[in-house]
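**Student:** fold the following, please.
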Amino acid sequence: MSAMHEYLATAPFDLYELYLFHLVVRHRSFTKAAEMAGLTQSAITRQMQGMENSLGLDLLERTTRSVRVTAAGEFLYRESARLLGDVEQSLQRLREEFAGAKKEIRVGVSRTVGLAYLPGFFHANLRRQPQVSCRVSHQPSSGILSALESNELDLGVLCPPNRLPRTIRSTHKFADDFTLIAPTSAAESFAKLPSSRKARSQWVNKQNWLLIGEDSNTGQLLRGWIRRQGWRVEPTMQLDNFDLIINLVSLGMGVSFVPIRALALYGPKRTFQRLQLPERFTRELVVVVRKHRKLPEHLAQFVENVLF
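**Tutor:** Next comes the predicted model:
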């Protein structure tokens, strides 16, 4: 009897149970995991208890409001993410090669990257690879990284954290320049300022600021850059996407720093103006994929011809 045969015959759980465990950890909720799997919450609970009993380890700690993952649970989650991803990838390629399934690209775009990038993705992919469908989701960077690990996404576009998970690698990096935008009235007062750093700082400190949330990687980088300019910026509102910020600036509710590319969806009749500052804020965006995955040809073409 081979070692593999012996292991499979005595394994403490199967791949389906491992998949359910990943759902619970990812959503930190039995209720959400049950909803995603089409099961009852009690069924999910029994499956997880069975895994823990078989392993002789506590993987999850249940509270009245959420689920906390133990150190053993975190270890199992990290180590098994590649396994589940490999299985899903193999099944998808099997369906594409032998069952006539249409090739698909699943892209996750972080909320701070903005909707401005999405139409370009769809249009370029349709023009260059009409036989390949494109499914794009808009979610936090942490959700994109988690979905990549479990092979729910093929690639992500995001502003990276200080350190990527060890199962994820970046394939491309590119700069995303920002600009200051303001309602027409504020822009006119800015245009009349003396060309001194002190005058600009006084103008900046008097404005109502609408900033991307500081819980995002972009928000943290932007606040660090603002502090280095010596500005005292206290945001009136913090939001989780630039498209909403641009619309609020258009309504005259404040000023903000936004990616230049995000302005592409707004025509010449827009009710805000771009302001030129000698200082410039630029963030780095990356394309990320699973580290040990060889990109299929249609996905490699998407990265090279659609994103760049």
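**Student:** chain center to stretch 151-162, what's the gap?
**Tutor:** On the basis of CA atoms, centre = their mean, to the nearest Å, stretch 151-162 sits 6 Å off its chain's mean C-alpha point.
**Student:** lowest-pLDDT helix or strand in this structure?
**Tutor:** Every helix and strand in the chain was compared by mean pLDDT, DSSP states H and E; the lowest is helix 3-10, with a mean of 55.
**Student:** I'd like the next helix or strand past that one.
**Tutor:** For helix 3-10, the following helix or strand on the C-terminal side (DSSP states H and E) is helix 15-27.
**Student:** who are the packing partners of that following helix?
**Tutor:** Packing contacts for helix 15-27, counted by 3 or more CB pairs under 8 Å, 6 or more residues apart in numbering; DSSP states H and E, involve helix 30-37, helix 41-55, strand 67-69, helix 71-98. From N, CA and C alone the C-beta is placed, and that goes for glycine too.
**Student:** next, the buried residues of the longest one.
**Tutor:** By neighbour count, and taking 16 or more other CB atoms under 10 Å as the criterion, the buried residues in helix 71-98 are 73, 76-77, 80-82, 84-85, 89, 92.
**Student:** can you add distance to Val136 and give those back as JSON lines?
**Tutor:** Shown next, in JSON lines, are the buried residues of helix 71-98 (distance: CB to CB, whole Å):
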{"residue": "Gly73", "distance to Val136": "31"}
{"residue": "Leu76", "distance to Val136": "31"}
{"residue": "Tyr77", "distance to Val136": "26"}
{"residue": "Ser80", "distance to Val136": "27"}
{"residue": "Ala81", "distance to Val136": "22"}
{"residue": "Arg82", "distance to Val136": "24"}
{"residue": "Leu84", "distance to Val136": "22"}
{"residue": "Gly85", "distance to Val136": "20"}
{"residue": "Gln89", "distance to Val136": "19"}
{"residue": "Gln92", "distance to Val136": "17"}
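**Student:** give me the element Glu61 is part of.
**Tutor:** Assigned by DSSP H and E, Glu61 falls in strand 60-62.
**Student:** try Lys198
**Tutor:** helix 197-206.
**Student:** give the next helix or strand downstream of that helix.
**Tutor:** strand 209-212.
**Student:** extract the C-alpha set from that following strand and format it as CSV.
**Tutor:** Extracted in CSV, the C-alpha atoms of strand 209-212 (Å, rounded to 0.1, in the frame of the first residue of the first chain):
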residue,chain,number,x,y,z
TRP,A,209,-11.6,67.7,2.4
LEU,A,210,-13.1,64.5,1.1
LEU,A,211,-10.5,61.8,1.4
ILE,A,212,-10.3,58.1,0.6
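**Student:** what sits up against it?
**Tutor:** For strand 209-212, contacts defined as CB atoms under 8 Å, 6 or more residues apart in numbering pick out 112, 218-219, 222-223, 233-242, 245, 248-249, 253-257.
**Student:** just the buried ones from those residues, in ChimeraX syntax?
**Tutor:** The ChimeraX command for the buried members of those (criterion: 16+ other CB under 10 Å) is given here:
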select :112,218,219,222,233,235,239,241,242,245,248,249,254,255,256,257
